[in-house]
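Q: Need coordinates for the below:
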Amino acid sequence: MAEYKLLKGGVLLDGTGPVTKENMDVLIKGKYIEEIGPNGTVRYPKGTEVIDCTGHVIMPGLIDAHLHLFGRQVMSHVVHICEDPILHGMRAVLDAWRLIDAGYTTVRDCTSGNGIPLRNFIAEGEMVGPRILACGLALSQTGGHGELMHSVPVEFSNRGLTCRLADGVGEVRKAAREQLRAGADFIKIYTSGGVMSEYGSSQECQYSLEEIQACAEEAHNRGVRAAAHAQGRLGIINAAKGGIDSIEHGVYMDEEGLELILKHKCFLVPTISIFNVMKNKGAACGMPDYKIRKAEKLIEVQLKSFHRAYKAGVVCGLGSDFLSDSSMTPMGGNIVEVVDYVERAGLSVGETIVCATRNNAKILGIEDVTGTVEKGKYADILVVDQEMLTNIRVIADRTRIMKVYKEGEDIPRLNIDRFRRFDCHEIFQ
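A: Alright, predicted model coming up:
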């Protein structure tokens, strides 16, 4: 493998802003971006691999700031609880390859049980996959959203690897420390109800302010960040007051919540596609009617909250909340979130890519090394058909992605005929 690679003559969308630059060269040395400049101005040594990027966009690798590497095959939580966790991990290995094949060079696993070992396996260099930041198991109060099913014995919650139950300040501290001991990159806590849980609504407030503060303090004491599943109004307000760094979903955000997010400089990771996908695909996947009804109520509310926050200057990222089941929310199909930012939320292609790259890198705390195409950063780069700039759905067509580089490595493409059981475009139907 050549130490130097020159991406020659492409349109550069570097992620620092929505503006593109025509006819640019990007020189990669090993893992890093060595130089960037107009075509013909970047000097490179003999033996450099030259890739003609004419007619293509050179852009940062995508980041999904909120997904779940559950290794599911169906949406049934009962099936998930009863299956062997080793099977989940084996499926997650292929999901990781699907993600990087779709252009995701970094993802944040927001609870699954598979994130930390899968992260370590990829880091060993023996398998293909994106950079993973994982929380281990998210913290949930007893009877909270993290349990998902409340009509089964309580010990099933931990068996399902969806959460770690913790009640009271002391237990929350211990639970957070357990995740950090296991190698968590951040801590996640559920401060409101949600759509997928059996009982309760998104507006339900969960965890006291003191418990949330304890979670955030434990994370910050170890130099990592804290994220909160916060859909309901009070869940958002308490998360911001409690020192949480990123608000996940932020569905019912009112003026008080927005003011607190701005005051405390919280990030927001909206997940605007998942509720629509549940509405359109849930019934065919065996999802209970009550979950579909809850999801339908949040579709427009979520969009309005996202618009309010984005216009107010909140740093908004992009996360799909996909769950890795093959029928409804398959990995690779999470690209629908990028498409929806343009087609449903009304952002420009350039603004969307900034949310999915630079902003997400800031939210994950890795903006010094990735998220933009800049000199000195990791060469996490996509080379995509230039039509993407006028038709965002091009980025969802893996045949239109010419190259995926992670830390300068040209990632081998997934054998679509053998391993890929879905077409990304099916997710838009």
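Q: any idea how far A239 lies from I189?
A: According to C-beta to C-beta, to the nearest Å, A239 stands 8 Å off from I189. Backbone N, C-alpha and C define where each C-beta goes, glycine included.
Q: Overlap of the contact sets of the two?
A: Here A239 and I189 have 212, 228 as joint contacts, going by C-beta atoms under 8 Å, 6 or more residues apart in numbering.
Q: ok, S201 touching G193?
A: Yes. S201 lies in contact with G193 (C-beta atoms under 8 Å); the separation is 5.3 Å.
Q: More neighbours: which of these two?
A: G193 (23 against 16; other C-beta atoms under 10 Å).
Q: OK, contacts around that one?
A: G193 makes contact with 144-145, 200-204, 206, 231-232, 235 under the criterion C-beta under 8 Å, 6+ apart.
Q: Go through those residues and name the one with the lowest pLDDT.
A: The lowest pLDDT within the contacts of G193 belongs to G200, with 76.
Q: Now do the residue lying closest to it once chain neighbours are set aside against A92, distance only.
A: Once flanking residues are discounted, G200 sits nearest to G193: 3.8 Å by C-beta to C-beta, 6 or more residues apart in numbering. Counting by C-beta to C-beta, the gap from G193 to A92 is 27 Å.
Q: how deep is C82 tucked in, by neighbour count?
A: C82: 11 surrounding residues under other C-beta under 10 Å.
Q: Residue numbering should commence at 56 henceforth.
A: In the new count, where the first residue is 56, that last one comes out as C137.
Q: quick one: the helices in the stretch 156-305 of the chain?
A: 170-178, 210-214, 223-236, 264-276, 288-296 (DSSP state H, counting those that start in this stretch).
Q: Can you tell me which of these is most buried?
A: Mean neighbour count, computed with mean count of other C-beta atoms under 10 Å, is highest for helix 288-296 among these, reaching a mean of 25.
Q: Please save the CA atoms from that one in CSV.
A: The C-alpha atoms that make up helix 288-296 are tabulated as CSV, following Å, rounded to 0.1, in the frame of the first residue of the first chain:
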residue,chain,number,x,y,z
ARG,A,288,-40.0,18.7,28.2
LEU,A,289,-38.9,18.1,31.8
GLY,A,290,-36.4,15.5,30.7
ILE,A,291,-34.7,18.0,28.5
ILE,A,292,-34.8,20.7,31.2
ASN,A,293,-33.4,18.5,33.9
ALA,A,294,-30.7,17.1,31.6
ALA,A,295,-29.5,20.6,30.7
LYS,A,296,-29.6,21.7,34.4
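Q: Helix or strand for Y460, just tell me which one.
A: Assigned by DSSP states H and E, Y460 belongs to strand 456-461.
Q: Quick check: next helix or strand after that strand?
A: strand 464-465.
Q: And this structure, what are its domain boundaries?
A: 59-115+427-467, 117-386 (automatic domain parsing).
Q: Where among these is average confidence lowest?
A: In terms of mean pLDDT, the lowest-scoring of the domains of the chain is domain 117-386 (a mean of 91).
Q: ok, now how distant is the closest residue to L142 other than its chain neighbours from K63?
A: In space, and not counting its chain neighbours, L142 is closest to G126: 7.0 Å by C-beta to C-beta, 6+ apart. The gap separating G126 from K63 is 40 Å, by C-beta to C-beta.
Q: out of the two, which sits in the busier spot?
A: G126 (27 against 21).
Q: Appreciated, that's everything.
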